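>>> missing the sequence, but the structure's below:
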């Protein structure tokens, strides 16, 4: 079973490499300067893991211009694959073929074998299984080594063009473009007191809102699962390492807040 450790904050990369759990490490394109993509891919591959570059969740005109401006760096970086998060990015790679696997994220829904085949016809080498399917629906859909099950992580709930940074501390787009700003995580509290993780993707001006508690399926992985992904967002290094150790031992979640998502109950 292939283990994909996906990092939304590249500051966690040294610790993730040292842990040695990952067969594949996925890092965010927007958080790493394009002139350092090649160095980053090299570090990951030197550690014996596949290197994957995660593309933006939102791919509007600004994203197309940005990636087009850095086609040379993209082509020469040497990544083993690319995590594609929307159909516009799939189309971009059709017009600009770069060596590497095309790994479609969960937002490119494959509810059944028919939709899975359609996505593969659009260039997908691997598919991330939908969060919404329960264990019985996953079995009915059918899975193989080309499918990835997310077994840990705060799941993205919403994408928004509204900016929490510009209206509070000022726009960070220029700093993001220069590579000077770290992952801009903060928290939002709703009227019921639930605390959600919010990530400002300042380079391309959008926001990702994550679930207030992480998905935990580490102890529920079906026997026929070909690949799994652990998604880390704003976790401190110590917490990430504890989760990786728990994954290696297939531990149940410790006391605290977590969710099984739709794995046991599905959606209606």
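Yep, that arrived. This is a predicted model, so every value here is computed, not measured.

>>> What separation is there between the residue lying closest to residue 59 once chain neighbours are set aside and residue 264?
Using Cβ to Cβ, 6 or more residues apart in numbering and skipping the chain neighbours, the partner closest in space to residue 59 is residue 88 (4.3 Å). Every C-beta, even on glycine, is put in place using the N, C-alpha and C of the backbone. Here the criterion is Cβ to Cβ, to the nearest Å. By it, residue 88 lies 34 Å from residue 264.

>>> ok, those two, which is more surrounded?
A count of neighbours by other Cβ atoms under 10 Å puts residue 88 above the other of residue 88 and residue 264, at 15 against 11.

>>> so the more buried one, which of the three states?
At residue 88, secondary structure determined by DSSP: H, G, I helix; E, B strand; the rest coil is helix.

>>> On the pLDDT front, check it for me.
For residue 88, the pLDDT comes out at 95.

>>> Equivalent analysis for residue 219, please.
95.

>>> my read is it is in a helix, agree?
No. Read with three-state DSSP, residue 219 is coil and lies in no helix.

>>> can you start the count at 8 instead of 1 from here on
Understood, numbering begins at 8; the last thing we discussed is residue 226.

>>> State the number of residues packed around it.
Counted with other Cβ under 10 Å, the neighbours of residue 226 add up to 13.

>>> likewise residue 215?
21.

>>> Hmm, it is touching residue 61, no?
No. Residue 215 is not in contact with residue 61 according to Cβ atoms under 8 Å; the separation is 11.8 Å.

>>> Quick check: neighbours shared by the two?
With Cβ atoms under 8 Å, 6 or more residues apart in numbering applied, the contact sets of residue 215 and residue 61 do not overlap.

>>> If you average the pLDDT over stretch 200-218, what comes out?
Averaged across stretch 200-218, pLDDT comes to 87.

>>> Same check on stretch 52-71?
Average pLDDT, stretch 52-71: 95.

>>> how much space between residue 39 and residue 62?
Residue 39 sits 12 Å away from residue 62, going by Cβ to Cβ.

>>> Just name the shakiest helix or strand of the protein by mean pLDDT.
helix 180-185 (a mean of 63; mean pLDDT, DSSP states H and E).

>>> Provide the contact partners of the very next helix or strand once past that one at residue level.
Next along the chain after helix 180-185, taking DSSP states H and E as the criterion, comes strand 191-196. Contacts to strand 191-196, defined as Cβ under 8 Å, 6+ apart, come from residues 16, 171-172, 179, 202-209, 216, 240-241.

>>> tell me which residues in strand 191-196 are buried?
If you call a residue buried by 16 or more other Cβ atoms under 10 Å, then strand 191-196 has these buried ones: 191-192.

>>> go on, stretch 95-105?
Under the neighbour-count criterion of 16+ other Cβ under 10 Å, stretch 95-105 has 96-97, 99-100, 105 buried.

>>> cool, and stretch 157-170?
157-163, 166, 170.

>>> likewise stretch 246-254?
For stretch 246-254, by 16+ other Cβ under 10 Å, it's 247-248, 250-251, 253-254.
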